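>>> sequence? don't have it. structure:
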């Protein structure tokens with residue numbers, strides 16, 4: 001069809017004669033025309049070439065992916081003023097079946113066929129074709145061309161936005177057609193593979209070399225520079241800010257077996273990424289297999305190459321530093337087959353301070369089922385959890401069957417004691433959520449150091465405990481067995497411990513706590529509550545914390561009726577205030593004469609629901625409840641009368657008691 005258009009000036013040289021041309025079929029390699037009709041009506045004026053109409057039943061351009069039916073074009077032939085040599089031009093609307101309106105086609109050339117040019121445009125966008133006449137190369141130039149015009153060439157891509165400018169010239173290498181030139185793309189936005197691949201506001205420019213074999217196979221090589229944009233490939237999200245200068249290398253082949261991305265390289269300062277993708281026999285979809293490797297400078301490029309992916313995985317609060325080298329293999333239908341990573345002086349920390357690791361180095365690996373196992377050796381200089389320093393440590397493990405299993409216990413330190421992690425196993429691959437299991441043992445930790453880490457008063461003593469059958473699954477941490485803690489010469493057992501979102505927003509904890517035989521002397525003195533001698537038993541059922549603050553529980557605390565039981569004057573005052581009641585027995589100023597008193601029992605109940613604590617004690621008589629039953633002389637009894645107490649009010653009373661703000665007894 002281009003040959004026919006190129007021949008139009010010959011007919012224009014005979015303006016006094018009408019011309020009609022019919023061609024049933026034209027096949028010129030990359031251009032195929034069927035049912036061509038050309039008609040020229042002469043004009044009365046010599047400077048005018050008359051009116052031209054052209055139609056084709058079918059027009060096919062296989063290289064461009066175009067297959068148009070019922071093509072119609074009409075224009076007025078006219079000589080271009082002040083042109084040397086004389087040029088003729090024909091411009092008019094172009095239509096085809098199911099095509100959009102507004103298309104304009106312009107032809108310009110001379111009578112001797114020394115030069116010829118076609119322009120196809122719509123609005124401000126146009127594509128110009130310089131015809132291969134008089135030894136000139138066939139060239140195509142795009143100006144402000146919408147990226148959506150590439151849809152026939154790339155049918156699997158849904159274009160949303162973007163503009164393309166550039167020029168390509170055609171040549172030949174043997175039997176292959178070769179296009180070379182420079183292309184600039186601005187604001188590209190599109191998606192493919194059902195949204196698994198997408199990009200937005202992509203700006204890039206550079207050289208391109210495209211070869212088209214006689215059989216239709218393509219070979220594309222490009223060396224563009226990327227200046228800005230966002231890219232999503234599966235779970236990986238990359239964002240380049242405006243002003244970036246990222247060097248890309250693309251080597252792509254297309255043949256009977258499908259599209260093969262032989263080489264994709266990215267160089268961004270000290271960050272480099274290399275990859276390839278290819279179809280796989282017997283596997284549907286593209287790509288069948290992907291290999292990628294590289295090194296990321298996390299200190300400079302964390303926000304570009306890491307933060308977006310972490311946010312998509314629910315780890316937006318994770319901040320990484322240092323450097324990371326990694327390689328991975330992915331296969332359609334199976335997912336990730338292998339991953340090998342080498343952190344170098346790497347740091348990981350939670351923005352909210354939930355955890356931090358420093359100086360991470362060594363080798364990390366993942367292997368899917370059916371892949372050969374690989375060793376894992378990691379060491380770190382420092383590790384902390386909610387502000388508690390756990391010190392240095394190392395992990396020796398094996399990666400196999402989609403999981404990493406420790407080959408030896410992980411030894412850590414906590415508050416001067418020993419923290420041992422046994423039978424650790426991290427399951428990552430296999431189509432299920434990430435799951436961590438193991439057992440934790442703690443021995444001889446200083447309670448005062450732990451308390452200081454949480455901002456509590458310094459408790460005396462040592463702490464031993466265990467967390468058996470620990471399981472972290474889908475953001476939910478649970479302990480299979482009971483947790484036993486030895487403290488205050490007694491024992492605390494935590495059963496049914498579950499923490500949801502332990503490192504996320506508003507962590508939620510639920511558990512039942514059982515206290516047995518706690519020595520009240522160190523427990524009360526450390527809080528400045530006064531001094532109470534005796535042993536305490538208690539049960540806190542249905543404990544639930546939200547954001548580490550209590551929102552529900554049913555607590556029952558009782559002292560044992562055995563051993564030495566004394567309570568100081570200050571403790572009497574604090575207990576009185578806590579219950580919102582008063583004392584009976586020895587009254588008034590005589591109470592201040594004694595430093596301590598004997599007691600038979602102390603009991604306190606609190607059931608927290610909807611920010612209100614329902615108080616109770618040893619008995620629930622009409623009008624109040626008993627907090628303390630005295631024994632011996634002087635005999636005292638402490639009763640409470642306020643059964644419904646706002647939880648913030650009760651907490652304020654406890655804080656006042658801890659601060660030593662005792663009420664005045666009159």
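Right, received. Where do you want to start? As the structure is a prediction and not an experimental result, all values here were calculated from the model.

>>> Quick one: residues contacting residue 566.
Each residue near residue 566 by C-beta atoms under 8 Å, 6 or more residues apart in numbering is listed here: 531-534, 596-599. Where C-beta positions appear, they are placed from N, C-alpha and C, glycine not excepted.

>>> And the pLDDT at residue 439?
As predicted, residue 439 sits at a pLDDT of 92.

>>> Quickly note the distance from it to residue 423.
Distance of residue 439 to residue 423, given as C-beta to C-beta, to the nearest Å: 6 Å.

>>> neighbour count winner among those two?
Shown here are residue 439 and residue 423; by other C-beta atoms under 10 Å, residue 439 has more neighbours (18 against 12).

>>> and that one, what are its bridge partners?
Beta-bridge pairing for residue 439 (DSSP bridges): residue 422.

>>> Flag the shaky bits of the stretch 301-450 of the chain, pLDDT-wise.
Along the stretch 301-450 of the chain, no part satisfies pLDDT under 70.

>>> partner strands of the helix or strand that contains residue 189, parallel or antiparallel?
Per DSSP states H and E, residue 189 falls inside strand 176-192. Here strand 176-192 is paired, per DSSP bridges, with strand 157-173 (antiparallel), strand 197-212 (antiparallel).

>>> how near is residue 446 to residue 564?
With C-beta to C-beta as the criterion, residue 446 and residue 564 are 27 Å apart.

>>> centre of the chain versus the strand holding residue 189, how much separation?
Relative to its chain's centre, strand 176-192 lies at 29 Å (C-alpha atoms, centre = their mean, to the nearest Å).

>>> same question, stretch 470-479
Chain-centre distance of stretch 470-479: 21 Å, with C-alpha atoms, centre = their mean.

>>> Could I get the buried residue list for that stretch?
Judged by neighbour count using 16 or more other C-beta atoms under 10 Å, the buried positions of stretch 470-479 are 470, 472, 477, 479.

>>> what helix or strand does the second one sit in?
Using DSSP H and E, residue 472 sits in strand 462-473.

>>> okay, residue 548: pLDDT?
pLDDT, residue 548: 85.

>>> Look up the closest residue to it, ignoring the ones flanking it.
residue 507 (6.5 Å; C-beta to C-beta, 6 or more residues apart in numbering).

>>> and if you look at residue 173?
Nearest one to residue 173, counting by C-beta to C-beta, 6+ apart, is residue 211 at 6.8 Å.

>>> Please name the bridge partners of that neighbour.
Judged by DSSP bridges, the bridge partners of residue 211 are residue 178, residue 219.

>>> Let me see the contact set for it.
173, 176-179, 218-220.

>>> For residue 259, see how far away it is.
Residue 211 sits 15 Å away from residue 259, going by C-beta to C-beta.

>>> how about low-confidence regions in the stretch 51-200 of the chain?
By pLDDT under 70, the low-scoring segments of the stretch 51-200 of the chain are 63-65, 82, 111-113, 153, 193.

>>> For residue 446 and residue 564, indicate the residue with more neighbours.
Each of residue 446 and residue 564 has its neighbours counted (other C-beta under 10 Å); residue 446 has more, 18 against 9.

>>> Go ahead and confirm the more buried one touches residue 415.
Yes. The pair residue 446 / residue 415 is scored as a contact, 4.7 Å apart, by C-beta atoms under 8 Å.

>>> Touching both of these two, which residues are there?
residue 463.

>>> Identify each buried residue in stretch 533-553, please.
For stretch 533-553, by 16+ other C-beta under 10 Å, it's 533-536, 538, 540-541, 543, 545, 550-553.

>>> average pLDDT across whichever strand or helix holds residue 36?
Under the criterion of DSSP H and E, residue 36 resides in strand 32-41. Throughout strand 32-41, pLDDT has a mean value of 87.

>>> residues of whichever helix or strand comes after that strand that come out buried?
Next along the chain after strand 32-41, taking DSSP H and E as the criterion, comes strand 48-61. Neighbour-count burial for strand 48-61, with 16+ other C-beta under 10 Å as criterion, is recorded at 48-52, 54-56, 58-61.

>>> Taking the residues you listed, tell me the two that lie furthest apart.
Comparing every pair within the buried residues of strand 48-61 by C-beta to C-beta identifies 48 and 60 as the most remote, at 33.1 Å.

>>> Residue 52 contacts residue 76, correct?
Yes. Using C-beta under 8 Å, residue 52 is in contact with residue 76, at 7.5 Å.

>>> where do the contact lists of these two overlap?
With C-beta under 8 Å, 6+ apart, residue 52 and residue 76 have common neighbours residue 90.

>>> tell me which of the buried residues of stretch 533-553 is nearest to residue 400?
So of these, ranked by how close each gets to residue 400 (C-beta to C-beta), first place is residue 545, at 37.6 Å.

>>> Residue 299 belongs to a strand, doesn't it?
No. Secondary structure of residue 299 (DSSP: H, G, I helix; E, B strand; the rest coil): helix, not part of a strand.

>>> tally of neighbours for it?
13.

>>> ok, and the closest non-adjacent residue to it?
Setting aside the residues directly before and after it, residue 299 is nearest to residue 321 in space (C-beta to C-beta, 6+ apart), at 5.6 Å.

>>> now do residue 453
Leaving out its chain neighbours, the residue that sits closest to residue 453 by C-beta to C-beta, 6+ apart is residue 388, at 4.8 Å.

>>> Which residues are in contact with that neighbour?
414-415, 450, 453.

>>> Filter the residues you listed down to the ones in helices?
Among these, the members falling in helices (DSSP state H) are 450, 453.

>>> quick one: the strands in the stretch 251-400 of the chain?
Counting by DSSP state E, counting those that start in this stretch, the stretch 251-400 of the chain has strands at residues 258-268, 271-278, 289-297, 318-331, 335-350, 355-367, 374-380, 382-385, 388-389, 393-400.

>>> Would you quantify the distance from residue 302 to residue 268?
12 Å.

>>> The two: which has the busier surroundings?
residue 268 (21 against 18).

>>> partner residues bridging residue 60?
Beta-bridge partners, per DSSP bridges, of residue 60: residue 32, residue 67.

>>> Surely it and residue 25 touch.
No. The pair residue 60 and residue 25 does not pass the contact test of C-beta under 8 Å, sitting 11.0 Å apart.

>>> Show me the common contact partners of these two, please.
32-33.

>>> residue contacts, residue 512?
So residue 512 contacts 494-496, 539-543 (C-beta under 8 Å, 6+ apart).
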